[in-house]
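Undergrad: sequence? don't have it. structure:
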């Protein structure tokens, strides 16, 4: 708890700054005063802070050197544009002149966009969990000048905030206490921070068990894997214990709920596995249980307040178990992954051989796809933005943005838009109440008085019986009401701010989802020919032209040129930059950017049979291997803090501005599939497509690297377990012979593309 951290520190007079240490005084006159450098960033979130009085610095060698020279502790803020609490912190805390002056005088303030530096966010969120049992945004972390953390917490209210028990801790209070600790007990503070860093180093040891072999030794085989299909059964059993049988979803009662597309995808894919796999993991009955958990969750989510029933798309999370109290930000990557999951649910759950737009989940799939290619999400240049914010102005001309304003309706406005005849039916359908439908205990700040969050509370068949009207007429009333509400919202409401970063990994997710959706949309006559494909290709081309750039400074992760040449013949010095916002970011792409873009390009190739996308996917894979792969080495190789020689992919490159920033390697699915799971799948597919055993060997080594975690914590490594299935069964190679004739080839491709995901698949076109 934060209070426990503060109680360990000596308190002084309220508001009084402790005296500066001798080291601070000696160094403080040597350097010019700090100035706010937020305007130098390309991150929309960081740029929002350019007019605050805090002297924000980037995280850089220069910034860290200054902290050491002045012996000042570092204050780091991590947030993102879409989050409402981050918006409140910027508005109420960072614009507060007293708080800003204190931070500027006694600390080195660093600001981080968590979408620009997901590595730092992951590391220090885990630190916050360790010391406070909390995580989230905004995140406040205090460090020694050597970047060793000694205090961390999440949202802190505005200065002067009064709670039930009097004033509560704000950032100024916390900063004063931390400065006092630093000035009066610097050595103890350093010692404690060094231990905290040791704990973080242990956290990143996942996937770090060395694989002892000599270079170019006999290839590993699937028989070398100790993890087997029985662990898939164990994972399903453990997931079932976390399942909410009433509302769907997973987690402990009272905890916030996230959609968790990685887990839902894993559960749905089991029914598409061969009989031999299904028998090992409990037979058809257990597989059906897994499928029901996924389908019930998807059903509850699509009818809940988590979904934007007017304009489509899902919010990031819900603070209630019934999904009806959302955090209103829409994350584009989450929606892309959910599109893929709902597509698999539609394809695998359809009635009969032919797809129809009346099938369960068809409306969600088509609505999500249309949302992702709308001008709100896809920019004219082809790239997809990263998010829409939770907060906005309720009407044009208002002075303050409020949480969820774009999505909320009073009953009076609802009736005015829909009209008296249809209003009662539409209100019953979406659970719109006279006094609002937000429970009082979920509205401690009275933000949502008389407001309604739309959720499909009543089935059309129930309303048909209640009102004595045909079901078709009920559907028509709801459809008309939706159109009218959307028109009113577009005309009078102000759309939430967008984070316009075109992030490589997120765009890869969208490219993948749209590529897979194309065939289903065509089958039901929803999309013009190749419409979604056109949007996917435009995004891929934008990334290739603008973010796949020459960089003469890149070096292979091993620093061994001869060995590097033996392992890969890649695309030279081209590397990906993480994002575009009025130019490419200085931040280079992380391993997950490569992994998700490669997956998107493989799905784009499967949808188009266009070889250039496949060739680029291979080039990207070679670069990812060079920069991030932890290749197993000879027996006498010595592990370091940044090299384990155990297989698998680190999230970050070998080089870093500080050795006190741990190097991550993770196989856990933190709601989205892990970078190592996606990478293993990509390597298996590329291995089949190019008949390249080396890729398949790297995929197997990647899974092997996480064996201890897979066997002990299988339920949070479910995507890697899917990779273990591929290791045991091999890739499903689907060969299409072009010489059979265009019509027959297209017929076979259409059948292939209308299948839900099961085993890892590779489409091989034979000439």
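TA: Done, it's in. Fair warning: this is a prediction, and the values are worked out from it, not measured in the lab.

Undergrad: can you give me the neighbour number for the spatially closest residue to residue 481 that is not a sequence neighbour?
TA: Of all residues not flanking residue 481 in the chain, residue 426 sits nearest, at 4.1 Å (CB to CB, 6 or more residues apart in numbering). The C-beta positions use only the backbone N, C-alpha and C, and glycine is treated the same way. By other CB atoms under 10 Å, 24 other residues sit near residue 426.

Undergrad: over to residue 195?
TA: Residue 195 has 11 neighbours, counted by other CB under 10 Å.

Undergrad: average pLDDT for the helix or strand hosting it?
TA: Using DSSP states H and E, residue 195 falls within helix 186-203. The average pLDDT for helix 186-203 rounds to 94.

Undergrad: could you do stretch 139-151 as well?
TA: Throughout stretch 139-151, pLDDT has a mean value of 98.

Undergrad: same check, this time on stretch 171-179
TA: Averaged across stretch 171-179, the pLDDT comes to 97.

Undergrad: same question for stretch 603-617.
TA: Stretch 603-617 comes out at a mean pLDDT of 95.

Undergrad: same check, this time on stretch 357-365
TA: For stretch 357-365, the per-residue pLDDT averages 95.

Undergrad: any buried residues in that stretch, and which?
TA: Across stretch 357-365, burial judged by 16 or more other CB atoms under 10 Å covers 359-362, 364-365.

Undergrad: with secondary structure and distance to residue 303 as extra columns, can I get the residues you listed in TSV?
TA: Compiled in TSV, the buried residues of stretch 357-365 are given as follows (DSSP: H, G, I helix; E, B strand; the rest coil; distance: CB to CB, whole Å):
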residue	secondary structure	distance to residue 303
359	coil	16
360	coil	12
361	coil	12
362	helix	15
364	helix	10
365	helix	15
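
Undergrad: and the residue lying farthest from the centre of the chain, how far from residue 474?
TA: Most distant from the centre of the chain: residue 468, at 45.5 Å, with distances by CA atoms, centre = their mean. Distance from residue 468 to residue 474, counting by CB to CB, to the nearest Å: 11 Å.

Undergrad: can you check residue 127 too?
TA: 52 Å.

Undergrad: okay, these two: which has more neighbours?
TA: For residue 127 versus residue 474, neighbours defined as other CB under 10 Å are more numerous around residue 474 (25 against 22).

Undergrad: now do the domain split for this protein, please.
TA: Domain segmentation of the chain under automatic domain parsing yields 2-203, 407-492, 504-766.

Undergrad: tell me the pLDDT of the residue farthest from the centre of the chain.
TA: Each residue has a pLDDT score; the one for residue 468 is 92.

Undergrad: cool, and residue 401?
TA: In this model, residue 401 is scored at 95, pLDDT.

Undergrad: next one: residue 74
TA: 98.

Undergrad: could you check how many residues crowd around the closest residue to it other than its chain neighbours?
TA: Once flanking residues are discounted, residue 74 sits nearest to residue 143: 4.1 Å by CB to CB, 6+ apart. Residue 143 has 25 neighbours, counted by other CB under 10 Å.

Undergrad: pretty sure residue 143 sits against residue 152.
TA: No - the criterion here is CB atoms under 8 Å, and residue 143 misses it with residue 152 at 9.3 Å.

Undergrad: enumerate every residue touching residue 696.
TA: With contacts defined as CB atoms under 8 Å, 6 or more residues apart in numbering, residue 696 is in contact with 683-684, 687-688.

Undergrad: for the host helix or strand of it, what is the average pLDDT?
TA: Secondary structure from DSSP H and E places residue 696 in helix 693-705. Confidence over helix 693-705 (mean pLDDT, whole number) is 96.

Undergrad: and the helix or strand following it, what's buried?
TA: Sequence order places helix 707-712 as the next helix or strand after helix 693-705, per DSSP H and E. Buried residues in helix 707-712, counted by 16+ other CB under 10 Å: 707, 709-710.

Undergrad: also stretch 494-513?
TA: Neighbour-count burial for stretch 494-513 flags 494, 496-513 (criterion: 16+ other CB under 10 Å).
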